[in-house]
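[1] Sequence and predicted structure are below.
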Amino acid sequence: MIGIKIVVATWNKVKLEQIQMVLKEVPLEITSLSKDMEDVEETAITFKGNARLKIETVKRYYPNDIIVGEDSGLTIDALEGFPGVKTARFSHGSDADRAQLLMDRLKGVPLSKRTAQFISVVALAFPDGKVLHSQGTMDGWIAKDIPSRLKGYGDIFLLSNDKVLTEQLEHTISPYDHRQIALFQAKQLIIDWLERKTT
Ligand SMILES: O=c1[nH]c(=O)c2ncn([C@@H]3O[C@H](COP(=O)(O)OP(=O)(O)OP(=O)(O)O)[C@@H](O)[C@H]3O)c2[nH]1
């Protein structure tokens with residue numbers, strides 16, 4: 001549709017690539033944020049709330065475009081949902097450092113009680129003021145052993161086939177990935193909105 005772009009409201013390069021990959025089937029130009037745009041303080045207590053904060057901030061700069069924002073994280077049942085919305089920042093350092101801290105907190109907890117979820121919420125803001133959301137969840141367990149190459153949460157997140165997420169992804173892009181599930185729904189919501197707009 002002439003004039004409308006998709007603007008991806010993320011400051012994370014990997015996430016940007018994943019969003020661009022799924023949304024490339026939508027017949028609109030996809031752009032990322034200009035380098036000098038302020039990051040958003042993620043102060044909400046839900047993934048949906050933080051995804052909304054991201055799109056609302058970016059919409060102020062691009063009121064006539066479709067804004068796509070995503071918030072995700074890991075929730076661990078034995079830790080009452082922790083780290084949840086704080087997954088990217090509950091302590092200093094890298095995701096690998098934080099993953100190590102989670103392993104320490106789960107010391108002695110048997111595998112059957114180490115159930116966890118990766119959750120992704122995508123928020124969409126449309127030029128007519130409409131706001132829509134989609135959500136994806138992936139269930140698994142926090143592994144008992146720390147792998148030798150701990151780079152992030154994907155290295156401690158065990159799937160039902162006994163592989164950790166990053167090991168699985170080396171072989172195939174999982175259609176069951178929380179972010180992929182939320183993004184595929186979001187793609188359809190954008191297509192539906194465009195169809196209604198043109199009919
Ligand atoms: O190893 C992983 N495999 C995954 O599949 C996965 N999905 C989410 N995460 C982690 O969850 C937090 C999201 O934080 P988040 O949504 O606030 O994103 P972000 O701050 O990086 O970017 P932005 O979009 O806010 O700019 C970050 O710590 C991510 O590493 C994953 N880690």
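    Here it is on my side, so go on. Fair warning: this is a prediction, and the values are worked out from it, not measured in the lab. Numbering: from 1, shown residues only.
[2] Just checking stretch 88-97 against the ligand, any contact.
    Yes: contact of stretch 88-97 with the ligand (C-beta under 6 Å from any ligand atom) involves 88, 95. Any C-beta I mention is one placed from the backbone N, CA and C, and that applies to glycine too.
[3] and that stretch, which residues are buried?
    Of the residues in stretch 88-97, those with enough neighbours to count as buried (16 or more other C-beta atoms under 10 Å) are Asp95.
[4] hmm, who's touching that stretch?
    The set of residues external to stretch 88-97 that reach it, using C-beta atoms under 8 Å, 6 or more residues apart in numbering, is 42, 73, 82-83, 98, 101, 150-153, 155.
[5] Same list (these) but as TSV, adding pLDDT.
    Output for the contacts of stretch 88-97, formatted as TSV (pLDDT from 0 to 100):
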residue	pLDDT
Glu42	94
Gly73	97
Phe82	98
Pro83	98
Arg98	97
Leu101	96
Leu150	88
Lys151	89
Gly152	92
Tyr153	95
Asp155	94
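[6] Spell out for me which residue occupies the centre of the chain.
    Most central residue of the chain, judged by C-alpha distance to the mean C-alpha position with C-alpha atoms, centre = their mean, is Ser72 at 3.6 Å.
[7] got the residue ranges for the helices in the protein?
    For the chain, the helices defined by DSSP state H occupy 13-23, 47-59, 95-105, 165-171, 178-198.
[8] buried ones in the longest one?
    If you call a residue buried by 16+ other C-beta under 10 Å, then helix 178-198 has these buried ones: 178-187, 189-190, 193-194.
[9] Relative to the whole chain's centre, how far out is the helix or strand bottoming out on mean pLDDT in the chain?
    Least confident helix or strand of the chain, by mean pLDDT, DSSP states H and E, is helix 165-171 with a mean of 79. Distance, stretch centre to chain centre, for helix 165-171: 17 Å (C-alpha atoms, centre = their mean, to the nearest Å).
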